[in-house]
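Engineer: Show me how the following folds:
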Amino acid sequence: LPPLAIGLACGALGGPRRRLGIGLWLGFGVALGASLETVYRVTPWFSWLPGMLQGGFEFYTFRVLADLAFALLVGLGCDALLAGRRAPLIAAMGTLGVVGAVTAGVSVQPDWLLPTTLDAAQVAAGAAMIERSARGTLGWVLLSYLALVLVRRGCRLAPGSSAALRQPGVMPAVCLVVGVFVPAFVCGAGQRFNSSPVAPTFHLGPTHLDGTASGIVEVLHELRDGDAPWRFDSPGVTASIWATAAPLWRLDSSNGHDALLPADTATFRMAMATGPDRGRPFQKVDLDSRLYDVFNVRYLIASAADGPPPRLRAIDPDVDLARWREVHSGFFSIFENLRVMPRAFVVGAVEVVEHRHEMLQRLAGGEIDLRARALVERPIPDLPARGSAITETIVYKMSTPNQVEIAVHDSAGGLLVVLDPYAPGWRAMLDGVDAPIERVDYLFRGMRLPPGDHRVTMRFRPRSVWLGLAISALTFLGLGWHWRRARRGAVRAPA
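Structural biologist: Numbering: from 1, shown residues only. This is a model prediction of the structure:
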């Protein structure tokens, strides 16, 4: 967080709404603590609660409440400062002093913040990076002091928010914050917006301990452009960085970090997670799990922060190194899964498994040849018979995140299995004709495929979107009608 925002949030404790500020700080602390993965370790203490009270709420969504509470604290601090009171100014400047002192201490001993698994060269590079960051933070503290002094100068003559904004020195301070602080902080932090194009050089936090990019994302792009479609996984210390940024780099990650992660996908991932920190993103996983192959995970990323070579041992001490092959080394290493399954294939037989938890257990056990047989929840009629030999050629192409095109040549027919998560909103067309989609192998999509050459298109068109648009349109029409009626009533009213 920018030092100025922290100072203003603490300044709320010295304003006229001190009690509200204290309550917001308490709420901020509780919400932030509940959004961390460590909260999962205390959830067993509440197993005595009735099932209807336990539910399936994701603790990560508490982060939204924490952000809202902090934004309200900053607003209260601004209001108290513009009111001309000394207490919020003292609290804000005192907070900036504490931030500056802590930053200065970190710059003197940066080794405290580095993992103990790094070698001497990486420790030196990391220490240099922390020193540069500390100098930048001290610069932000000094600029924050300047902004507070300018605001205080304008508030001496005219206490009160509206009057203070018209005094000399206040508007320059506001312009300094809006015109300099915000763009400089965003650009200086190297942040990217979802609407921005992908740049040729990628900067990922731990990749450039020495201040330069490692090019790891470019390596993944080269692998992506030269191979059939695949997913990558990123357990370990850097899991959260990859999970949140992968969509911006047009990479398909199996380790999602979205608070709206579908329950089936989360359960599938949970089946191959190990250790107490089973929250998202998953950091401890069973690298020998058959589910890795079923999820089309071809590449796995490990970092020097996970531990010394072999780095896979740091993630899973019991991993079978024979099934993984290192294809790139550096601060980030890339390992190829030699048993990965293709994104789309055709099977000739199905087996009905009524209970979904049993289906997941059988998939994880590896007792089924999934290239020859699929597990389904209900029978699929008129499934073409075929031999055990693979005769077809399949080309999978993802046009957009909501549309997939699959070309099948010389197929003997059967059940087309696509290793993409199933959802009720997916619609399929076989050679231009609507075709039903079945849920297969617990999580994925499948559809009946006759012999021959075919073109399959799958689009995500959930009905909830159209229903929401219809409700929004009716709401706007109602508001427009109400506004027009109120305006006519105001015109007809006598003066």
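Engineer: For the closest residue to residue 267 other than its chain neighbours, give me its contacts.
Structural biologist: Counting by C-beta to C-beta, 6 or more residues apart in numbering, residue 360 is the residue found nearest to residue 267 once chain neighbours are left out, at 7.1 Å. Where C-beta positions appear, they are placed from N, C-alpha and C, glycine not excepted. Applying C-beta atoms under 8 Å, 6 or more residues apart in numbering to residue 360 gives the contacts 267-268, 271, 442.
Engineer: most surrounded residue in those residues?
Structural biologist: Among these, the one with the most neighbours (other C-beta atoms under 10 Å) is residue 442, at 25 neighbours.
Engineer: residue contacts, that one?
Structural biologist: So residue 442 contacts 264, 268, 356, 359-360, 363, 375 (C-beta under 8 Å, 6+ apart).
Engineer: which among these end up buried?
Structural biologist: With burial judged by 16 or more other C-beta atoms under 10 Å, the buried subset of the contacts of residue 442 is 264, 268, 359-360, 363, 375.
Engineer: Helices of the stretch 1-150 of the chain, residue ranges please.
Structural biologist: Per DSSP state H, counting those that start in this stretch, the stretch 1-150 of the chain carries helices over the ranges 3-11, 18-34, 51-54, 62-82, 86-108, 120-155.
Engineer: Quickly, which of these bottoms out on average pLDDT?
Structural biologist: Least confidently modelled of these is helix 51-54, at a mean of 60 by mean pLDDT.
Engineer: I'd like to know how far residue 84 sits from residue 151.
Structural biologist: Going from residue 84 to residue 151 by C-beta to C-beta, to the nearest Å gives 10 Å.
Engineer: Between the two, which is the more surrounded one?
Structural biologist: residue 151 (25 against 19).
Engineer: hang on, the more buried one packs against residue 81?
Structural biologist: Yes - applying C-beta atoms under 8 Å, one finds residue 151 in contact with residue 81, separated by 5.9 Å.
Engineer: quick check, residue 251 in a strand?
Structural biologist: No - checked against DSSP: H, G, I helix; E, B strand; the rest coil, residue 251 lies outside a strand; its state is coil.
Engineer: which residues touch it?
Structural biologist: 217, 220-221, 224, 232.
Engineer: try residue 9
Structural biologist: Applying C-beta under 8 Å, 6+ apart, the residues contacting residue 9 are 25, 70, 73-74, 77.
Engineer: Who wins on neighbours among those?
Structural biologist: Counting by other C-beta under 10 Å, top hit in these: residue 77 with 28 neighbours.
Engineer: any idea how far residue 85 is from that one?
Structural biologist: 11 Å.
Engineer: swap in residue 452?
Structural biologist: 80 Å.
Engineer: And those two? Which one has more around it.
Structural biologist: residue 85 (18 against 13).
Engineer: Not counting its neighbours along the chain, what's nearest residue 5?
Structural biologist: In space, residue 5 is closest to residue 74, 5.4 Å off (C-beta to C-beta, 6+ apart).
Engineer: what sits against the nearest residue to residue 373 once chain neighbours are set aside?
Structural biologist: Of all residues not flanking residue 373 in the chain, residue 349 sits nearest, at 4.5 Å (C-beta to C-beta, 6+ apart). Contacts for residue 349 (C-beta under 8 Å, 6+ apart) come out as 372-374, 383.
Engineer: now residue 349: how far from residue 435?
Structural biologist: Taking C-beta to C-beta, one finds residue 349 at 20 Å from residue 435.
Engineer: again, but for residue 47
Structural biologist: 44 Å.
Engineer: Of all the residues in the helix or strand hosting residue 217, which ones are buried?
Structural biologist: Residue 217 is part of helix 216-226, with elements assigned from DSSP states H and E. Of all the residues in helix 216-226, those buried under the rule 16+ other C-beta under 10 Å are 216-217, 219-221, 223-224.
Engineer: do the same with stretch 368-380
Structural biologist: For stretch 368-380, by 16+ other C-beta under 10 Å, it's 368, 370, 374-376, 380.
Engineer: possible to save the residues you listed as TSV with distance to residue 327 and secondary structure?
Structural biologist: Shown next, in TSV, are the buried residues of stretch 368-380 (distance: C-beta to C-beta, whole Å; DSSP: H, G, I helix; E, B strand; the rest coil):
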residue	distance to residue 327	secondary structure
368	29	coil
370	25	coil
374	30	strand
375	32	strand
376	35	strand
380	38	coil
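Engineer: Let me know the closest of these to residue 408.
Structural biologist: Nearest to residue 408, judged by C-beta to C-beta, of the buried residues of stretch 368-380 is residue 374 at 16.1 Å.
Engineer: Please save the CA atoms from stretch 308-316 in CSV.
Structural biologist: Taking C-alpha atoms only, stretch 308-316 is exported to CSV below (Å, rounded to 0.1, in the frame of the first residue of the first chain):
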residue,chain,number,x,y,z
PRO,A,308,17.9,-26.7,-3.7
PRO,A,309,18.0,-29.2,-6.6
PRO,A,310,16.2,-31.4,-7.3
ARG,A,311,13.5,-28.8,-6.8
LEU,A,312,10.7,-31.2,-7.3
ARG,A,313,11.7,-32.9,-4.0
ALA,A,314,11.0,-29.6,-2.2
ILE,A,315,7.4,-29.7,-3.5
ASP,A,316,6.8,-33.4,-3.1
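Engineer: what's next to it, contact-wise?
Structural biologist: Outside stretch 308-316, the residues within contact range by C-beta under 8 Å, 6+ apart are 117, 119, 235-236, 274, 283-288, 300, 302-304, 306-307, 319, 321, 324, 333, 335.
Engineer: Run the chain-centre distance for that stretch.
Structural biologist: 24 Å (C-alpha atoms, centre = their mean, to the nearest Å).
Engineer: buried subset of the contacts of stretch 308-316?
Structural biologist: 235-236, 274, 283, 285-287, 300, 302-304, 306-307, 319, 324, 333, 335.
Engineer: Which helix or strand contains the residue nearest to residue 267?
Structural biologist: With DSSP H and E as the test, residue 360 turns up in helix 356-365.
Engineer: quick one: residue 244 and residue 33, what's the gap?
Structural biologist: 20 Å.
Engineer: now residue 78
Structural biologist: 26 Å.
Engineer: Likewise for residue 460?
Structural biologist: Taking C-beta to C-beta, one finds residue 460 at 36 Å from residue 33.
Engineer: and if you look at residue 246?
Structural biologist: Taking C-beta to C-beta, one finds residue 246 at 27 Å from residue 33.
Engineer: Name the residue in the two with the higher neighbour count.
Structural biologist: residue 246 (21 against 13).
Engineer: Phi and psi next, for that one.
Structural biologist: Reported as degrees, to the nearest 10, the phi and psi values for residue 246 are phi -60, psi -40.
Engineer: So what touches stretch 364-382?
Structural biologist: Counting by C-beta under 8 Å, 6+ apart, 271-272, 289-291, 294, 341, 345, 347-354, 356, 359, 362-363, 388, 390, 415, 417, 438-442, 446, 448 sit against stretch 364-382.
Engineer: Where does pLDDT dip in the stretch 101-250 of the chain?
Structural biologist: 115-119, 122, 153-214, 226-227 (pLDDT under 70).
Engineer: on that earlier part again, and the buried ones among the contacts of residue 442, which two are furthest apart?
Structural biologist: 264 and 375 (13.9 Å).
Engineer: hmm, back to that, and the buried residues of stretch 368-380 as TSV, adding distance to residue 10?
Structural biologist: Shown next, in TSV, are the buried residues of stretch 368-380 (distance: C-beta to C-beta, whole Å):
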residue	distance to residue 10
368	59
370	57
374	59
375	57
376	58
380	63
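Engineer: Residue 422: which of those residues is nearest?
Structural biologist: residue 376 (11.3 Å).
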